[in-house]
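# Predicted model follows, preceded by the sequence.
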Amino acid sequence: MKRELVNKTVLLALVLLISALFLGMIQQFLMPMFMAGIFSAILSPAHRWLTGKIGGRENLASILVIIGIVLLVLIPLSLLIGVVVAQAISVSQSVTPWVQSFIHEPTAITAYMQKFPYYKQILPYRALIIEKAGLLVGNVSTFLINSLSEVTMLTVNAVFSSVIMLYVMFYFLTMGETLLMKILYFLPLQDRDERRLLRRFTSVTKATLKGTLIIGALQGAICGLAFALAGIQGPVFWGSVMAVMSIIPAFGTAIIWVPALIILALKGEFLGVGILAVLCGAVAGNLDNVLRPRLVGKDTEMHDLFVLFGTLGGITMFGILGIIIGPIVAALFITIWEI
């Protein structure tokens, strides 16, 4: 009995040690593998349909699905990121002279601000405030330019992770069902609980992608178009920022376009104010209420607080991919406590 206990103890210690060593060794590949699993689960119906159309050749169907992802998602996304980075640097460089010009000549904003209460008390510090603001914007511009090398490194890492994800997806699409059954076999839970967790994981993933990414992309595109029509520099950059901001309940894109609307109003550009109010406020602002129930469905919705903290916490821990991972973790947290 003692020898058997010693054997089990040594075996358990080796399992934990080697598992920790293995996971530490492949740590940089865990996120691409996780994303490959998510996209494979979502695209598995398309893979099965395509397999049936080409005579049951699963490997060829997997290759065609991956080629579709590259052509329809990765290449357009790479071009969009390039435009966003270029416009971000252009905006940061153009804001500095725009702010510093207030020091030397009066503008419509200054004339309008004279109507504000306590303007006379602020007036002696006006030049100092604007000068500091211009200095701050200039420092931000310098930081962005100096960070180009870091952006290049991040781009290389993103390309490498994408290649790993696509490679893993090939095997997940081909033999995903077998791998899933083996994982569930080793998971020490009742079959109904395993199925419940799997169903929740899949439904929330699809809901997050459809509800968050599609609505965010639509709101960002509409608001970016509004910024372009209003004559605001860098509409692609601001549209991308608002697409990300759309994940925040209640406020969303208004965090960006409301200050822009106020600035246009202060400058007397009321045509631009009307464009932002109609496109950003009336059209994009109501997309969430109209499309989310149809795209997400009532069965997979969570309380706004879980969505908010799950998404923001996911972004803090996992970066931009936290937009997808955060709500999934929040939903699994709820489900596991229900079980």
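In hand now; what should we look at?

# who does the top helix by length along the chain touch, helix- and strand-wise?
Longest helix in the chain by number of residues, with DSSP state H as the criterion: helix 148-186. Judged by 3 or more CB pairs under 8 Å, 6 or more residues apart in numbering; DSSP states H and E, helix 148-186 is in contact with helix 27-53, helix 58-69, helix 191-208. For the C-beta atoms, the positions are set from N, CA and C on the backbone; glycine is no exception.

# same question for it, mean pLDDT?
In this model, helix 148-186 has a mean pLDDT of 76.

# got the angle between that helix and helix 27-53?
Helix 148-186 runs at 70 degrees relative to helix 27-53, counting by axes from the mean of the first three to the mean of the last three CA atoms, to 10 degrees.

# thinking again about what came up before, dump the helices and strands packed on helix 148-186 to TSV, plus mean pLDDT.
Below are those laid out as TSV (pLDDT from 0 to 100):
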stretch	mean pLDDT
helix 27-53	84
helix 58-69	87
helix 191-208	77
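
# With mean neighbour count added, can I get the ones you listed in TSV?
Below are the helices and strands packed on helix 148-186 laid out as TSV (neighbours: other CB atoms under 10 Å):
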stretch	mean neighbour count
helix 27-53	16
helix 58-69	16
helix 191-208	16
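
# Next, format these as a markdown table and append distance to residue 319.
Shown next, in a markdown table, are those (distance: least, CB to CB, whole Å):
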| stretch | distance to residue 319 |
| --- | --- |
| helix 27-53 | 9 |
| helix 58-69 | 20 |
| helix 191-208 | 16 |
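
# what kind of secondary structure is residue 323 in?
Counting by DSSP: H, G, I helix; E, B strand; the rest coil, the backbone at residue 323 sits in helix.

# Make sure it is actually in contact with residue 312.
No: using CB atoms under 8 Å, residue 323 is not in contact with residue 312, being 9.7 Å away.

# Tell me which of the two has more neighbours.
residue 323 (21 against 15; other CB atoms under 10 Å).

# show me the residues around the more buried one that make contact.
Residue 323 makes contact with 208, 212-213, 244, 247, 311, 314-315 under the criterion CB atoms under 8 Å, 6 or more residues apart in numbering.

# Look up the pLDDT of residue 118 for me, please.
At residue 118, pLDDT is 56.

# got it, and residue 291?
Per the predicted model, pLDDT is 70 at residue 291.

# That one: neighbouring residues, count only.
16.

# Disregarding flanking residues, what is the spatial nearest neighbour of it?
residue 215 (5.7 Å; CB to CB, 6 or more residues apart in numbering).

# which SSE is that neighbour in?
helix 215-229 (DSSP states H and E).

# Flag every buried residue along that helix.
Across helix 215-229, burial judged by 16 or more other CB atoms under 10 Å covers 215-216, 218-228.

# The closest residue to residue 63 other than its chain neighbours: what's it in contact with?
In space, and not counting its chain neighbours, residue 63 is closest to residue 170: 7.1 Å by CB to CB, 6+ apart. Residues in contact with residue 170 (CB under 8 Å, 6+ apart) are 59, 62-63, 66.

# could you give me the average pLDDT of the helix holding residue 215?
86.

# Name the residues that touch the helix or strand that comes right after that helix?
Sequence order places helix 235-245 as the next helix or strand after helix 215-229, per DSSP H and E. Identification of contacts with helix 235-245 by CB under 8 Å, 6+ apart yields 80, 83-84, 87-88, 91, 216-217, 219-221, 223-225, 227-228, 232, 251-253, 255-257, 260, 320, 323.

# returning to what we had before: just send the buried residues of helix 215-229 back as a markdown table, with distance to residue 185 too.
A markdown table is the format used below for these (distance: CB to CB, whole Å):
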| residue | distance to residue 185 |
| --- | --- |
| 215 | 38 |
| 216 | 38 |
| 218 | 42 |
| 219 | 43 |
| 220 | 43 |
| 221 | 45 |
| 222 | 48 |
| 223 | 48 |
| 224 | 48 |
| 225 | 51 |
| 226 | 53 |
| 227 | 53 |
| 228 | 54 |
